[in-house]
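Participant: Next come a sequence and a model predicted from it.
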Amino acid sequence: MGREHWKKIWVGSAGNMVEWFDWFVYASFATYFAGAFFPEGNDTAKLMNTAGIFAVGFFMRPVGGWLLGRVGDRRGRKAALTLTVSLMSASAVLIAVAPTYGVAGYGGAVVLLLARLLQGLSVGGEYAASATYLTEASAPEHRGFASSFQYVSMTAGQIAGLGLQIVLQHTMSDDALHSWGWRIPFVIGALGAAIVFYLRRNMLETEVYEESADDTPAGDKGTIKALWAHRREAFLVIALTMGGTVAYYTYTTYLTKYLSNSAGLPKQTATLVSFCALIVFACLQPLAGRLSDRIGRRPLLITFAVGSTFLTVPIMTMLRHAGSFWPALGLSLLALVVITGYTSINACVKAELFPTGIRALGVALPYAIANALFGGTAEYVALWFKDAGVEAGFSWYVAGCAAVSLVVYLMMRETRDIDLNRVAVERGAEPPVPVRMS
């Protein structure tokens, strides 16, 4: 890959990292600020309240996917990416200054809810804009490798959040963290977003977008009308995302809470397990992405779905009885290795399904819908099962979602060799036939 391609990947990834740092610190610090916005009561109930607000952010993602996907297709990937990071910066500031229940009653929870709505709008567009940008910015034979950096940067954002949490846990008292220390990561996130805003203002547009040869009418670019002409691909995105997003959020955002709230590990140990596992997970993404450039996307997706369908229940059961750092880390790594088959390539698979004039919206809206229905609710569903006294039911739920996606992976076409400038755009056309790149 040339220097220009690496520059585009670096800028796109750096922004994505800050976006997801702000998104994930809400989840990783929820155990500390859950009591700040709600009255005293059952700890699981308070976590369910904050998880509910976390899920609300996901339900704004389809709106963000539609609005920012439209911007990405009509005004360019750069414009969409710049707007997403602006929204994320504003939401981080709101959380950092939100008043507690003791100061403003439920007013603080309302501010928290507003911030999550802004984050949902931002991330709803960020995923598609960055997936499209990274896929288009790379050479055809390196699309899997290049697009894998989306989850590298997403995971790096979470690692940064967990790393900061570890530092704060060792330098501040537990009382101080619950009182005001949890605000620190949101201040840092807002500052990071401001820096990335500057970087994205000066980033380069992709050549695929600038030199698009598809025949989508200018007035139809980024519209629901144009997307409806590719409804088969849109429904395919929803179905292939279902299992992957549930599994991903189970073993990333929910894992720390599961280890501390269900397995009985100290918060510091649970955080360290997640931190170490995610470092390995991030390193695996480019390797799997490069492998997909050689053998295709479907083999990796199928491997993920088979593994998640049959291993989720045993892994979650053993995690609950892990008891200490090393067993918990080993089981977490096993789960994340399986999930890599999905995370490393799902961005480029979705981008490869649509023509340039509808690609950002085509990825954004159906993906956001799938995340709102399955990814955003995963933590809440898990806590609901726990509160109902049937916590093991959540493991079967995750496995069932993976099984549905497995059927889709087995039936879908290979997308590795599709020319991004030659994807069929006629209304009602069959899914594109792969074109072998030289």
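Facilitator: Received it, and whenever you're ready, just let me know what you need. The structure displayed is predicted, hence computed values, not measured ones.
Participant: Pull out the buried residues from stretch 186-204.
Facilitator: Phe186, Ile188, Gly189, Ala190, Gly192, Ala193, Val196, Phe197, Leu199, Arg200, Met203 (16 or more other Cβ atoms under 10 Å). In this view, the C-beta of every residue, glycine as well, is placed from N, C-alpha and C.
Participant: Distance check, the fourth one against Met88.
Facilitator: From Ala190 across to Met88, the span is 9 Å (Cβ to Cβ, to the nearest Å).
Participant: Check the contact lists of those two and give me the overlap.
Facilitator: Jointly contacting Ala190 and Met88 under the rule Cβ atoms under 8 Å, 6 or more residues apart in numbering are Asp22.
Participant: tell me the secondary structure for Phe304?
Facilitator: helix (DSSP: H, G, I helix; E, B strand; the rest coil).
Participant: Let me see the contact set for the residue nearest to it when sequence neighbours are not counted.
Facilitator: Leaving aside its sequence neighbours, Phe304 sits nearest to Gly341 (Cβ to Cβ, 6 or more residues apart in numbering; 3.1 Å). Contacts for Gly341 (Cβ under 8 Å, 6+ apart) come out as Ala288, Leu300, Leu301, Ile302, Thr303, Phe304, Ala305, Gly307.
Participant: what helix or strand does the first one sit in?
Facilitator: Following DSSP states H and E, the helix or strand that holds Ala288 is helix 267-295.
Participant: Show me what counts as buried in that helix.
Facilitator: Buried residues in helix 267-295 (16+ other Cβ under 10 Å): 267, 269-278, 281-282, 284-286, 288-289, 291-293.
Participant: same thing with stretch 107-116?
Facilitator: Gly108, Ala109, Val111, Leu112, Leu113, Ala115, Arg116.
Participant: Keeping just the C-alphas, turn that stretch into CSV.
Facilitator: Extracted C-alpha coordinates of stretch 107-116, given in CSV (Å, rounded to 0.1, in the frame of the first residue of the first chain):
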residue,chain,number,x,y,z
GLY,A,107,-32.5,16.6,35.7
GLY,A,108,-29.0,15.0,35.5
ALA,A,109,-30.5,11.8,34.0
VAL,A,110,-32.2,14.0,31.4
VAL,A,111,-28.9,15.6,30.5
LEU,A,112,-27.3,12.2,30.3
LEU,A,113,-30.1,11.0,28.0
LEU,A,114,-29.6,14.0,25.7
ALA,A,115,-25.9,13.3,25.5
ARG,A,116,-26.5,9.7,24.6
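Participant: any idea of the mean pLDDT for that stretch?
Facilitator: What stretch 107-116 shows for mean pLDDT is 83.
Participant: For it, which outside residues touch it?
Facilitator: 26, 36-38, 49, 53-54, 56-57, 60, 91-92, 94-95, 97-101.
Participant: Drop anything exposed from the residues you listed.
Facilitator: For these, buried by 16+ other Cβ under 10 Å: 26, 36-38, 49, 53-54, 56-57, 60, 91-92, 94-95, 98-101.
Participant: so where's the stretch 301-438 of the chain uncertain?
Facilitator: For the stretch 301-438 of the chain, the stretches flagged by pLDDT under 70 are 422-438.
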